[in-house]
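Enquirer: Predicted model, plus sequence, below.
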Amino acid sequence: MTIAPVQRTASLGSSTWTDTRLIMALEEVVEQELNRHLKVAKDWMPHEFVPWSQGRDFDGVLGGEAWSLEQSQVTPLGRVALVVNLLTEDNLPSYHHEIATMFGREGAWGTWVHRWTAEEGRHGIAIRDFLLATRAVDPNELERARMSHMSEGFESDNAHSMLHSVAYVAFQELATRISHRNTGHFAGDPLCDQLLAKIANDENLHMVFYRNLLKAALEIAPDQAMRAVSDVVTQFRMPGHGIPGFERAAAQIAIGGVYNLRIHHDDVLQPVLRHLKVMEIGGLGPEGLQAQQELGVFLDGLDAMATKFDERQAALLARRAAREAAK
Ligand SMILES: [Fe+2]
Ligand SMILES: [Fe+2]
């Protein structure tokens, strides 16, 4: 790396990286990671995962059969999670806008931004085709929710900082992977599980790309990157938080074990933080050290909250099981 940070205040002796300089300094890493990604990402065809033979005309223009609940074997929990996952994927134009604005559309960054967008586009196509062919969800409700959600757009919480943006996507891609994977497990349809496993695999590769980029950022600008990681982890929210009825859906998804505090702490935050050895990074300046300490305190608190959630979840599930047994 030959690009030097900008001296912010000579009197303090500290230096700070601007977003523009960081983007230039990380271009080499982006190129390496892009090439690695293109080698390991296996192309796949979304249409092969959709059981088209189960499909038939809907009512309306073609005068087919109206949708009704019993037409699909997907579980109620699976239905809720599938809709949240699909609407999250649907907002891709806004995500593309946010990352293209932050990372640019030139050079290796631009190639990555476009390639990532194309891969993400496949996810929405595949899930929607699957849900409509198998009649897993109400197509009218789904379309109204999509219109409403996309019309709101998506604004990144991290548009002010390149390092915050990289840190966010490293965790968010893993969160999305886990969410798709667990939705598949609980969907009650092996074909749905198979499709979501395929999508989850893509999300994992996206996580690896951004995680490796974050690793390089922690080496180049440790104090600023540590601040970014700490801020992102302590203020994390899922990209689909603006979906109509998100709070209610998120509660069902949490109790059902698709995505909750315990999963967020154990399967999303900790694997990335451990891999990057974030809590063990030494030689930080006062700002980096402060951020690292804040992160440690937050993680302890989150773990304790997750334990409380585990207990509430276990009690609720036990009550439900007892009610079922009494019927
Ligand atoms: Fe995706
Ligand atoms: Fe992704």
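Expert: Thanks, I have it. Ligands and ions are numbered 1, 2, ... in the order given.

Enquirer: use CA for all of it now, contacts and neighbours both
Expert: Noted.

Enquirer: all helices of this protein, in order?
Expert: Assigned by DSSP state H, the helices in the chain fall at 19-40, 76-90, 92-103, 107-133, 139-152, 162-186, 190-220, 222-234, 246-255, 261-263, 270-275, 286-326.

Enquirer: Can you get me a residue count around D157?
Expert: 15 (other Cα atoms under 10 Å).

Enquirer: swap that for L62, sorry
Expert: L62, neighbours per other Cα under 10 Å, totals 8.

Enquirer: separation between it and Q32?
Expert: 51 Å (Cα to Cα, to the nearest Å).

Enquirer: Next: R181.
Expert: Distance from R181 to Q32, by Cα to Cα: 28 Å.

Enquirer: With R312 instead?
Expert: 45 Å.

Enquirer: Now I243: closest residue in space, sequence neighbours ignored.
Expert: H149 (5.4 Å; Cα to Cα, 6 or more residues apart in numbering).

Enquirer: what about the stretch 101-250 of the chain, any weak spots by pLDDT?
Expert: Along the stretch 101-250 of the chain, no part satisfies pLDDT under 70.

Enquirer: quick revisit: can you say which of the helices of the chain is packed in most?
Expert: helix 162-186 (a mean of 24; mean count of other Cα atoms under 10 Å).

Enquirer: Redo the helices of the chain as TSV? Include distance to V50.
Expert: Below are the helices of the chain laid out as TSV (distance: least, Cα to Cα, whole Å):
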stretch	distance to V50
helix 19-40	24
helix 76-90	15
helix 92-103	21
helix 107-133	5
helix 139-152	16
helix 162-186	14
helix 190-220	8
helix 222-234	36
helix 246-255	24
helix 261-263	29
helix 270-275	32
helix 286-326	33
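
Enquirer: between these, which one is nearest to S53?
Expert: Closest to S53 of these, according to Cα to Cα: helix 107-133, at 8.0 Å.

Enquirer: Pull the number of nearby residues for the closest residue to E98 other than its chain neighbours.
Expert: Counting by Cα to Cα, 6+ apart, E98 lies nearest to S156, which is 6.6 Å off, once chain neighbours are set aside. Neighbour count of S156, defined by other Cα under 10 Å: 15.

Enquirer: next one: A136
Expert: So A136, with other Cα under 10 Å, has 27 neighbours.

Enquirer: Y259 now?
Expert: 23.

Enquirer: Could you number the chain from 15 rather than 1 from now on?
Expert: Sure thing, new numbering starts at 15, so read that last one as Y273.

Enquirer: Can you name the residues that contact it?
Expert: I192, S193, N196, A264, I267 (Cα atoms under 8 Å, 6 or more residues apart in numbering).

Enquirer: Relative to G167, how far out is the second one?
Expert: Spatial separation of S193 from G167 under the definition Cα to Cα is 21 Å.

Enquirer: same check, this time on the fourth one
Expert: Taking Cα to Cα as the measure, A264 falls 19 Å from G167.

Enquirer: show me what contacts the spatially closest residue to E133 that is not a sequence neighbour?
Expert: Closest residue to E133 apart from its sequence neighbours, by Cα to Cα, 6+ apart: D216 at 7.7 Å. Contacts for D216 were tallied using Cα under 8 Å, 6+ apart; they are A55, E133, R191.
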